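[1] need a structure here:
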Amino acid sequence: MIVHLKDTEKAAPLFGAWPETLIWSCLQKIMGDIYADSQETPTSAKALLGDFCFLAGAPDEELLLHEPRRHRQDFTIMVPQNKEWEVLIQWCYGKRAKKVSRYAMKKEPDCFHQGRLREAVSRLPDGYALRMMDEAVFLRCKEIPWCRDWVSQYPDYALYQKHGLGAVILKEGEPVSGASSYAGYQGGIEIEIDTREDHRRKGLARVCGAKLILECLKRGWYPSWDAHNKWSVALAQQLGYHFDYAYTAYEVTRTERGIAGKDETACIMYGI
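    Presented below is the predicted three-dimensional model:
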C-alpha cells in the first residue's frame with residue numbers, strides 16, 4: 001500500500017545526501033509531496049514536485065506506478081537514484097520512457113562575482129524593460145504556456161512572495177525572457193529560465209539570470225541551477241556556476257489512462 005507520507009523525515013535517510021533542491025522542498029513540506037511504502041518504516045519513497053519525480057530506496061513497482069490525483073499528468077521527468085530504478089522505469093514504461101541526460105551544477109554559495117553579475121545586468125538591450133516579478137506579471141505568466149513554469153508551482157502570489165523570486169524582461173509590456181523560481185526551499189530557490197523563441201540570441205537570459213542571482217544574494221538565498229541541456233550549462237558557467245556531473249533521467253509520457261506496454265528485455269534484466 002502506497003501512502004502520502006505525513007512525517008517526511010522518515011524518508012530522509014532513503015534520499016540521503018542527494019543534492020537536489022526539489023527533494024529538499026518536499027522533505028521540508030514547503031512544496032511537493034513524498035509518497036512511500038510505509039508511514040513508519042519506509043523502504044521506498046518518491047518525491048513529487050511539478051514535472052519531477054525522484055525515486056529513492058528499494059525499487060518498488062507499485063510506488064513507481066502510483067499516480068496521486070493531485071500529481072496526475074501526462075508528462076513526468078523521473079530521476080532514478082540507481083540503476084535498479086532505471087531498469088524498473090524501462091520495464092514499466094517501455095518506449096514511453098525517453099532516457100536523457102541532465103547536468104548538475106556545483107552548489108557553491110561563494111562562487112558568484114557580484115561585480116560581473118552587475119555588469120551583465122547593465123547589458124540589457126535598448127527597447128526592453130527589466131523588472132522583478134510582481135503580482136501583475138505573476139498572473140500574466142500563469143496565462144502564457146511558454147513561461148508558465150516560472151510560477152506554475154505557486155498557487156497564488158502570496159506563496160510566491162514567501163518562497164519565490166523572479167526577474168523578468170518585458171517588451172511592450174509582455175514577458176519575453178525571465179529567470180524565476182521553479183520551486184523554493186529553506187534558504188533558496190531552484191531556477192527556471194527561458195526566453196521566448198523570437199527574442200533569443202540577444203543575451204536576455206544572461207541579463208535576467210544575473211539579476212535574479214544578485215537578488216537572491218541580497219536575501220541570503222542560494223540560487224540553485226540544474227541544467228536540462230548543454231546550452232543551459234554554458235549559460236550557468238557564464239554566471240559563475242561550475243559543472244558538477246551529468247545524470248540520467250527519463251522523460252515519461254503516459255497513455256490516456258495507464259502506461260505503455262512493458263519492455264520485455266528490461267523485464268528479464270529485472271528478474272520478473
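
[2] count residues in the vicinity of I34, would you?
    Neighbours of I34 under the rule other C-beta atoms under 10 Å: 28. Backbone N, C-alpha and C define where each C-beta goes, glycine included.

[3] nearest spatial neighbour of it, skipping sequence neighbours?
    Excluding the flanking residues, the one nearest I34 by C-beta to C-beta, 6 or more residues apart in numbering is L5, at 4.2 Å.

[4] list the buried ones in stretch 117-135?
    Of the residues in stretch 117-135, 117, 120-121, 124, 128, 130-131, 133 count as buried by neighbour count, 16 or more other C-beta atoms under 10 Å.

[5] A helix includes Y103, no?
    No - read with DSSP: H, G, I helix; E, B strand; the rest coil, Y103 is strand and lies in no helix.

[6] bridging residues for it?
    For Y103, the beta-bridge partners are A227, A246 (DSSP bridges).

[7] mind listing the helices for the stretch 1-150 of the chain?
    With DSSP state H, counting those that start in this stretch as the criterion, the stretch 1-150 of the chain has helices at 12-15, 21-27, 61-65, 83-93, 114-121, 135-143.

[8] among those, which is nearest A205?
    Closest to A205 of the helices of the stretch 1-150 of the chain, according to C-beta to C-beta: helix 114-121, at 10.4 Å.

[9] give me the residues contacting the closest one.
    130, 206-207, 209-211, 213-214, 217, 238-240 (C-beta atoms under 8 Å, 6 or more residues apart in numbering).

[10] take these and keep only those in strands.
    L130 (DSSP state E).

[11] adding pLDDT and distance to G173, write the contacts of helix 114-121 out as TSV.
    Shown next, in TSV, are the contacts of helix 114-121 (pLDDT from 0 to 100; distance: C-beta to C-beta, whole Å):
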residue	pLDDT	distance to G173
L130	98	13
R206	98	22
V207	98	18
G209	98	22
A210	98	23
K211	98	18
I213	98	25
L214	98	24
L217	98	29
Q238	97	28
L239	98	27
G240	98	31
